[in-house]
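# Provided below are the primary sequence and the corresponding predicted coordinates.
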Amino acid sequence: MDVWQLPDVRDALINREFGRMCQLIRQCGEVRQDDIAALTDLSQSFLSMLESGARKLTNIDKIIQLLDGLQAPPELTGPMLRPSMHYPPTGSAPTATSRS
């Protein structure tokens with residue numbers, strides 16, 4: 001079962017309740033905090049504090065790290081939270097290495 005299809009998981013993500021989201025994903029996906037830590041490169045102790053409510057996740061880089069590691073679908077996160085997604089260039093804008 002895809003945990004991202006579960007209404008509670010989707011609601012937690014939409015409401016930016018990342019601790020609850022992680023907890024639900026772990027319960028429904030039968031994974032451990034250590035597993036999520038390995039997927040996201042966030043520490044298990046940080047995830048524990050996040051789930052307990054002792055810590056909040058507000059840093060955009062950490063949010064992206066969490067969502068990327070958990071492979072959250074872009075249709076749920078929106079493109080602004082997913083800068084690692086690359087789209088084909090639409091113009092001929094110069095790159096940092098090009099010279100005029």
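Sure, I can see it. Residues are numbered from 1 along each chain as shown.
# Apart from its chain neighbours, what residue comes closest to the residue most central in space within the chain?
In the chain, the centroid-proximal residue (CA atoms, centre = their mean) is Leu67; its distance is 1.0 Å. Closest residue to Leu67 apart from its sequence neighbours, by CB to CB, 6 or more residues apart in numbering: Thr77 at 5.4 Å. C-beta here means a position set from N, CA and C on the backbone, and glycine is covered the same way.
# re earlier: ok, the residue nearest to the centre of the chain to Ile60 distance?
10 Å (CB to CB, to the nearest Å).
# same thing with Gly53?
Separation of Gly53 from Ile60 (CB to CB): 20 Å.
# Enumerate every residue touching Asp2.
By CB atoms under 8 Å, 6 or more residues apart in numbering, no residues touch Asp2.
# In the protein, what residue spans correspond to helices?
Using DSSP state H, the helices found in the chain span residues 7-14, 18-29, 33-40, 44-52, 60-69, 74-77.
# Deepest in the core, which of these is it.
helix 18-29 (a mean of 19; mean count of other CB atoms under 10 Å).
# and it, how far out from the chain's middle?
Computed by CA atoms, centre = their mean, to the nearest Å, the chain-centroid distance of helix 18-29 equals 12 Å.
# Check stretch 59-70 too.
Put simply, stretch 59-70 sits 4 Å off its chain's centre (CA atoms, centre = their mean).
# right, and Phe46 touches Lys56 too?
No. Assessed by CB atoms under 8 Å, Phe46 is found out of contact with Lys56, at 11.2 Å.
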